[in-house]
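J.: sharing a model that was predicted from the sequence below.
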Amino acid sequence: MLPGSRNFTASQRILQKLFVLDSAGEGAVEHLNTLLKSALSGQDNQFSSSGKVIWLHFGVNSGAMRFAVENQAVNEATFRCPDELGWKPHKVPIVPSDGGITQTRETSLPVAKIAKTLSEMGFDVAPSDDAGRFVCNYVYYHSLRFAKEHKIKSLFVHFPLFVTIDEETQMRFVASLLEALASVD
């Protein structure tokens, strides 16, 4: 259990599983798609077929001063440095069949409401329309595309470094975010 988190009752949604993906674009997509598909196909009995599925992604923005709840991802892969597997695309569509690099996909979750709720809980957080163009945006774009196709939800949240917002506060933020998501219809 996360520090500062509360137990959820049976009537509330619960966190069922946690996965960590490599910080890589193309190299992480196959693993991401396998995880997404397993949740829907029943191959992984840890997922509830009767519950609402929300894919929640976290990433670090080293220049951030607060948390950012991302509203959208852009169909553009432009990495200013190579990812963990050495890939460094420049102005490449993430999914060419979706159109050009200006195409966006938005989450179906109420980002402004989630950010406001978390702000009212005392966190320095804001909604954002720019997930960057690095691995975070790349994974989020794929996740949003999959979510739309399968009528589930996806959300990406950027975190600042621990030197900006300490680890304990970030852990409390995660617990509060899960509570906020549990109350979303």
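T.: Cool, got the structure. Numbers count the residues shown, from 1 in each chain.
J.: and Ala126, what element?
T.: With secondary structure defined by DSSP states H and E, Ala126 is part of strand 125-128.
J.: partner strands of that strand, parallel or antiparallel?
T.: strand 67-70 (parallel) (DSSP bridges).
J.: measure Ser143 to Ser154 for me?
T.: Look at Ser143 and Ser154: by C-beta to C-beta, to the nearest Å, they are 4 Å apart. In this view, the C-beta of every residue, glycine as well, is placed from N, C-alpha and C.
J.: quick one: common contacting residues for those two?
T.: 55, 57 (C-beta atoms under 8 Å, 6 or more residues apart in numbering).
J.: so which residues make contact with the strand holding Ala126?
T.: Contacts of strand 125-128 (C-beta under 8 Å, 6+ apart): 66-71, 111-112, 114-115, 118-119, 158, 173.
J.: again, only this time at 10 Å
T.: 61, 64-72, 110-119, 156-158, 173, 176-177 (C-beta atoms under 10 Å, 6 or more residues apart in numbering).
J.: Leu56 contacts Val184, doesn't it?
T.: No: counting by C-beta atoms under 10 Å, Leu56 stays clear of Val184, with 11.5 Å between them.
J.: can you tell me which residues contact Ser97?
T.: By C-beta under 10 Å, 6+ apart, the neighbours of Ser97 are Asn75.
J.: next, give phi and psi for it.
T.: Backbone torsions for Ser97, taken as degrees, to the nearest 10, come to phi -70, psi -10.
J.: how about Ile54?
T.: Main-chain dihedrals, Ile54, degrees, to the nearest 10: phi -130, psi 120.
J.: now swap in the one 10 residues further on and tell me
T.: Note on Ala64: its backbone torsions stand at phi -80, psi 150 [degrees, to the nearest 10].
J.: one more: Phe173?
T.: Dihedral angles for Phe173 - degrees, to the nearest 10 - are phi -60, psi -40.
J.: now Ala131
T.: phi -80, psi 10.
J.: measure it to Ala68 for me?
T.: Ala131 is 8 Å from Ala68, by C-beta to C-beta.
J.: who touches both of the two?
T.: What both Ala131 and Ala68 touch, as defined by C-beta under 10 Å, 6+ apart, is the set 59, 61, 156-158.
J.: near Lys55, how many other residues are there?
T.: One thing to correct before we go on: residue 55 is Trp, not Lys. 21 (other C-beta atoms under 10 Å).
J.: not counting its neighbours along the chain, what's nearest it?
T.: Ser154 (4.3 Å; C-beta to C-beta, 6 or more residues apart in numbering).
J.: quick one: contacts for the one you found?
T.: Taking C-beta under 10 Å, 6+ apart, one finds 36, 53-57, 70, 73, 105, 107-109, 139-148 in contact with Ser154.
J.: now with 6 Å?
T.: 55, 107, 143-144, 147 (C-beta atoms under 6 Å, 6 or more residues apart in numbering).
J.: just the buried residues of the strand holding Ala126, please?
T.: 125-128 (16 or more other C-beta atoms under 10 Å).
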